[in-house]
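Peer 1: Coordinates for the following, if possible.
(one chain, ligands or ions: 2)
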Amino acid sequence: MQKLVIHGGKKLQGEISISGAKNAALPLLCTSLLTAEPLILHNIPQLKDVTTMLALLKQIGVSILANDNGTAELSATHITDPSASYDMVKTMRAAILVLGPLLARTGQAYISLPGGCAIGVRPVDQHIKGLQAMGAEISIEQGYIRAQADRLAGAHIVMDMVTVTGTENLMMAATLASGTTVLENAAREPEVNDLANCLINMGAKIDGVGSNTIVIEGVNQLHGCSHAVMPDRIETGTFLTAATACGGDITLTQTCADTLDVVLEKLVETGAEIETGTDWVHLRMRKRPQAINLRTAPYPAFPTDMQAQFMALNCIAEGTAVITETIFENRFMHVQELKRLNADIQVEGNTAIVHGVPQLDGANVMATDLRASACLIIAGLVAQGETTVDRIYHLDRGYEQIELKLAQLGAQIKRVR
Ligand SMILES: CC(=O)N[C@H]1[C@@H](OP(=O)(O)OP(=O)(O)OC[C@H]2O[C@@H](n3ccc(=O)[nH]c3=O)[C@H](O)[C@@H]2O)O[C@H](CO)[C@@H](O)[C@@H]1O
Ligand SMILES: C=C(OP(=O)(O)O)C(=O)O
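Peer 2: Ligands and ions are numbered 1, 2, ... in the order given. This is a model prediction of the structure:
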């Protein structure tokens with residue numbers, strides 16, 4: 001099994017570019033199922049989840065021409081197998097995103113309940129409830145969702161909670177339904193907007209993009225288009241948090257600061273100096289960070305996908321931070337591992353109280369999920385001595401060449417087998 005070996009204590013310095021966003025690329029790849037015409041996507045990150053999604057789409061019948069520069073042409077002229085097996089989807093939550101498009105285009109789908117990181121139970125009841133409201137007949141059979149519909153019909157759907165992939169699945173399904181669908185309590189994450197904009201380029205009629213009420217007027221068919229995946233705001237935030245924890249001076253290019261407001265505000269509160277342009281962020285950190293409280297919530301509030309990285313930052317900050325996780329019920333698994341590095345953290349329910357210590361000490365740690373991996377890397381970068389991060393297959397689901405990018409910023413980090 002591969003692991004990362006880190007020698008901590010170096011400041012980060014230099015410039016790197018940010019990759020396309022995992023959480024935008026995965027739903028965008030699924031839009032190919034909605035049309036018989038070719039969809040061309042640019043800026044696709046090279047990630048394990050993307051490889052898994054491409055393999056799944058291929059099995060469904062999509063023909064794919066991909067190059068090494070992040071461009072792929074996807075043609076779903078004939079959908080031959082509207083299903084997704086457990087083996088195909090067990091590692092990837094986003095596999096559920098083929099459900100809505102398959103049902104809308106072919107009238108049927110047989111999809112394994114999805115896997116992914118063990119950060120919570122993560123049911124898909126809202127996806128199912130929404131599709132049923134649009135007229136689908138759905139049953140759960142031995143861990144699989146069996147769905148059928150003649151043609152989906154527009155419906156008024158109020159989601160019980162804000163769900164990102166739930167909003168995306170229903171929005172994609174509604175583009176080809178008869179009549180108008182209203183999605184209330186919809187997610188406003190920038191990745192949802194990126195998907196909506198691509199669908200609009202494909203001929204979908206969508207209003208309210210970026211708000212919590214999205215209105216979709218169904219059309220008979222969509223056409224192909226060309227679209228660039230938005231920059232990864234979580235990857236951007238991860239590098240900025242690493243540089244804030246380690247100290248240094250970094251510039252991130254090909255990114256979008258506008259999607260990171262609350263994260264940038266929090267970093268400034270810790271003492272970072274930040275400048276932004278349309279597609280770049282520059283961060284300088286010249287002192288020990290101040291502890292910073294945070295509470296995760298749907299966009300535009302603080303993202304749960306940045307909670308673990310900020311926990312690492314708080315471990316070496318001056319003062320005590322209170323971190324509250326409101327999205328996932330099991331997203332503190334990194335706490336146990338941070339304690340191996342001598343972090344001082346107490347967990348009470350969905351709150352972690354982090355007492356900053358002047359120094360972390362290197363140790364062997366194990367990554368338990370994707371963002372926990374990033375958190376442990378940041379902790380290893382600030383710790384004195386050697387840290388080994390094991391089980392980095394989680395990391396490879398969502399970060400493109402993270403160790404190479406960090407090495408480019410001067411970190412001592414290498415992957416060993
Ligand atoms: C591929 C992708 O985009 N993943 C992101 C997406 O995951 P994902 O879309 O899976 O997360 P959701 O927004 O759906 O989950 C939010 C909360 O709603 C609950 N829920 C969700 C759907 C449902 O039908 N029933 C239900 O109870 C979940 O268990 C969770 O507690 O948004 C999360 C929250 O920003 C991010 O952490 C993930 O990185
Ligand atoms: C939880 C995450 O991803 P996924 O929903 O794909 O498991 C994440 O990106 O942090």
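Peer 1: check contacts around the closest residue to Y86 other than its chain neighbours.
Peer 2: If the residues on either side of it in the chain are set aside, Y86 comes closest to S112, at 4.0 Å by C-beta to C-beta, 6 or more residues apart in numbering. Any C-beta I mention is one placed from the backbone N, CA and C, and that applies to glycine too. Going by C-beta atoms under 8 Å, 6 or more residues apart in numbering, S112 touches 84-86, 88-90, 95, 143-145.
Peer 1: Next one: S112 from ligand 1, what distance?
Peer 2: Distance, S112 to ligand 1, using C-beta to the nearest ligand atom, to the nearest Å: 15 Å.
Peer 1: so what's the spatially most distant residue from the centre of the chain closest to, chain neighbours aside?
Peer 2: Here the chain reaches farthest from its C-alpha mean at D150, the gap being 32.6 Å by C-alpha atoms, centre = their mean. Nearest non-adjacent residue to D150, counting by C-beta to C-beta, 6+ apart: G107, 6.2 Å away.
Peer 1: these two touch, right, the one you found and R151?
Peer 2: Yes. At 7.2 Å, G107 counts as touching R151 under the criterion of C-beta atoms under 8 Å.
Peer 1: May I have the distance across stretch 374-388, first residue to last?
Peer 2: 13 Å (C-alpha to C-alpha, to the nearest Å).
Peer 1: check whether that stretch contacts ligand 1.
Peer 2: No. Stretch 374-388 lies apart from ligand 1 when judged by C-beta under 6 Å from any ligand atom; the minimum separation is 12.1 Å.
Peer 1: hmm, that stretch touching ligand 2?
Peer 2: No. For stretch 374-388, no contact with ligand 2 is found by C-beta under 6 Å from any ligand atom; the gap never falls below 8.8 Å.
Peer 1: Tell me the gap between that stretch and the middle of its chain.
Peer 2: 22 Å (C-alpha atoms, centre = their mean, to the nearest Å).
Peer 1: buried ones in that stretch?
Peer 2: Judged by neighbour count (16 or more other C-beta atoms under 10 Å), stretch 374-388 contains these buried residues: 374-383, 387-388.
Peer 1: Repeat that for stretch 95-107.
Peer 2: For stretch 95-107, by 16+ other C-beta under 10 Å, it's 95-106.
Peer 1: Select the helix or strand of the chain having the lowest average pLDDT value.
Peer 2: For the chain, scoring each helix and strand by mean pLDDT, DSSP states H and E identifies helix 86-89 as the least confident one, at a mean of 90.
Peer 1: Let me see the residues that make contact with it.
Peer 2: Here helix 86-89 makes contact (C-beta under 8 Å, 6+ apart) with 52, 55-56, 59, 95-96, 111-112, 114-115, 143-144.
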